[in-house]
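Colleague: predicted structure and sequence below. I'll ask about it afterward.
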Amino acid sequence: MRTVTATEASRSFAAILDDAQREEVVVVTRGGRRIATIGPANAGNGAEALALLKETAPDDGFAADALAARDAAMLEGPAWPTD
């Protein structure tokens, strides 16, 4: 993994894409802080995930867990003003 500044990435973007094509990862920084990671794209088309879902059934508590997570994420607050 190599690190470049945003200015350097802008000037040599084609070379960074070449690195990604060679399975290398490049971290882009701005002001000393990491702002992006550029690397190889996932070549999958979802077939592996679909096959996994077809061969593995969720356990009995999955639906209850999903509903509990949804309910926990729902934040109640004041209603928007109507006027």
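Modeller: Sure thing, it's come through.

Colleague: with only the CA atoms kept, save stretch 20-27 in PDB.
Modeller: The C-alpha coordinates for stretch 20-27 follow below in PDB (Å, rounded to 0.1, in the frame of the first residue of the first chain):
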ATOM      1  CA  ALA A  20      -5.200  -0.700  -8.900                       C
ATOM      2  CA  GLN A  21      -5.300  -2.900 -11.900                       C
ATOM      3  CA  ARG A  22      -2.200  -4.600 -10.600                       C
ATOM      4  CA  GLU A  23      -4.100  -5.300  -7.300                       C
ATOM      5  CA  GLU A  24      -2.300  -2.500  -5.400                       C
ATOM      6  CA  VAL A  25      -4.000  -0.100  -3.000                       C
ATOM      7  CA  VAL A  26      -3.200   3.600  -2.900                       C
ATOM      8  CA  VAL A  27      -4.200   5.800   0.000                       C
END
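
Colleague: and the contacts of that stretch?
Modeller: Here stretch 20-27 makes contact (CB atoms under 8 Å, 6 or more residues apart in numbering) with 1-4, 9, 16, 19, 34, 36-41. The way it works is simple: take the backbone N, C-alpha and C, and place the C-beta from them, glycine included.

Colleague: before we move on, what about stretch 35-49?
Modeller: 6, 9, 16-17, 19-21, 23-29.

Colleague: which of the residues you listed are buried, as a ChimeraX select command?
Modeller: Listed next is the ChimeraX selection for buried residues among these, using 16 or more other CB atoms under 10 Å:
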select :9,16,19,20,26,28
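
Colleague: narrow the contacts of stretch 35-49 to those in helices?
Modeller: Within those, residues falling in helices by DSSP state H are 6, 9, 16, 17, 19, 20, 21.
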